[in-house]
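# predicted model, plus sequence, below.
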Amino acid sequence: FDRTLTHELIHAFDQCRANVDWTDWRHLACSEVRASNLSGECEFLQELNRGKLGIVKHHQACVRRRAALSVSLGQGGSADDARTAVATVYDRCARDVAPFADHHQG
């Protein structure tokens with residue numbers, strides 16, 4: 001529950017801070033990258049419970065996968081378009097850890 005709440009609060013923060021246009025794939029993708037990255041939903045044990053195993057850059061792969069899924073569901077578009085939107089914004093948005101002072105990826 002706490003991860004879901006954190007995920008949604010990050011979207012709320014993004015809306016207040018950046019006035020997100022939720023119909024713009026890039027805006028949505030950035031918020032989804034941030035929410036997946038910062039909420040804890042890609043922590044090792046969460047992924048293990050999903051049957052997703054990986055060591056090298058697994059956190060980044062999880063964030064990309066979950067953000068693309070959310071974008072695809074939110075926009076009703078193709079999975080390929082969602083992955084492209086996430087790839088376009090990933091580097092910049094994954095570095096944005098606001099409102100947290102610091103964030104260590106798991």
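On my side now, so go ahead.
# can you name every helix or strand that the helix or strand where Ala35 lies contacts?
Element membership for Ala35, per DSSP states H and E: helix 25-38. Applying 3 or more Cβ pairs under 8 Å, 6 or more residues apart in numbering; DSSP states H and E, one finds that helix 25-38 makes contact with helix 2-18, helix 58-75, helix 79-95. Using the backbone N, CA and C atoms, a C-beta is placed for each residue, glycine as well.
# with adjacent residues omitted, what lies nearest to Gly74?
Distance criterion Cβ to Cβ, 6 or more residues apart in numbering; nearest residue to Gly74, sequence neighbours excluded, is Leu28 at 5.7 Å.
# ok, that neighbour touching Gly76?
No - with contact defined as Cβ atoms under 8 Å, Leu28 does not count as touching Gly76 (11.5 Å).
# what about the protein, any weak spots by pLDDT?
Residues of the chain that meet the criterion pLDDT under 70 lie in 47, 103-106.
# can you do 80?
For the chain, the stretches flagged by pLDDT under 80 are 1, 44-56, 101-106.
# residue nearest the centroid of it?
Nearest to the mean C-alpha position of the chain, by Cα atoms, centre = their mean, lies Val33 at 2.5 Å.
# which residues are in contact with it?
Listed by Cβ atoms under 8 Å, 6 or more residues apart in numbering, the contact set of Val33 reads Val63, Arg64, Ala67, Val86, Val89, Tyr90, Cys93, Ala94.
# quick check, nearest of those to Arg3?
Arg3 lies nearest to Val63 out of those, by Cβ to Cβ, at 13.1 Å.
# my read: the closest one touches Ala35, true?
No - the pair Val63 / Ala35 is not scored as a contact, 9.2 Å apart, by Cβ under 8 Å.
# rewinding a little: look up how far Ile55 lies from the closest residue to the residue nearest to the centre of the chain other than its chain neighbours.
Nearest residue to Val33, sequence neighbours excluded (Cβ to Cβ, 6+ apart): Cys93, at 4.2 Å. Here the distance between Cys93 and Ile55 works out to 24 Å (Cβ to Cβ, to the nearest Å).
# looking at those two, which is more packed in?
Cys93 (23 against 6; other Cβ atoms under 10 Å).
# quick check, the more buried one in contact with Cys30.
Yes - using Cβ under 8 Å, Cys93 makes contact with Cys30 at a distance of 4.0 Å.
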